[in-house]
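Trainee: Predicted structure and sequence below. I'll ask about it afterward.
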Amino acid sequence: MRSYGIGQISKMFDLPISTLRYYDKEGLFPDLARYGDRRLFSDREIDALRVIECLKASGLEIKDIKQFMQWCSEGPSTYAKRKQLFEDRRIAVEEEIQQLQKTLDLLNYKCWYYETAMNDGGEDKIQRMLPDGLPEDIQKLYDNSFR
């Protein structure tokens, strides 16, 4: 089995070494090998780190990630809890994506709005099109942003 030093893992995941040390201190790598005072990361820790970073990116706090890691160490009896955690995170991420899509649609609408206003020499023509007479693609952006 191949092992990696903390510097290699830091570069691999673009994480500060201090973050990896913190994760270790918090017990997120329960089977982390050591050679003297050096931490040696295996493929198991790399896989764990991928999950940790995914859960973190989904908005989960370290204390909850610790709970997940604890469930993993408890074995198959916690499969249902682990699955529920991932289902909950998936729902949260989907909701965040929807909100970000609304934000992106508003930004795209406003870019069109001001480009059109500059080309027309004002906003009068656009204002006459509102709320339901915009070009079809722009109408979709408007509707998703404001309704």
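Mentor: Ah, there it is.
Trainee: CA only for contacts and neighbour counts going forward, please
Mentor: Noted.
Trainee: And the protein, what are its domain boundaries?
Mentor: The chain breaks down into these domains under automatic domain parsing: 1-60, 75-147.
Trainee: Need the ones you listed in TSV (columns: mean neighbour count and distance to residue 67).
Mentor: TSV is the format used below for the domains of the chain (neighbours: other C-alpha atoms under 10 Å; distance: least, C-alpha to C-alpha, whole Å):
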stretch	mean neighbour count	distance to residue 67
domain 1-60	14	9
domain 75-147	14	10
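Trainee: can you redo those domains as CSV with mean pLDDT?
Mentor: Shown next, in CSV, are these (pLDDT from 0 to 100):
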stretch, mean pLDDT
domain 1-60, 96
domain 75-147, 97
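Trainee: got a markdown table for the ones you listed, with distance to residue 68 too?
Mentor: Output for the domains of the chain, formatted as a markdown table (distance: least, C-alpha to C-alpha, whole Å):
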| stretch | distance to residue 68 |
| --- | --- |
| domain 1-60 | 9 |
| domain 75-147 | 7 |
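Trainee: of these, which approaches residue 66 most closely?
Mentor: domain 1-60 (6.2 Å; C-alpha to C-alpha).
Trainee: Can you check the distance spanned by that closest one, start to finish?
Mentor: Length of domain 1-60, first residue to last, C-alpha to C-alpha, to the nearest Å: 31 Å.
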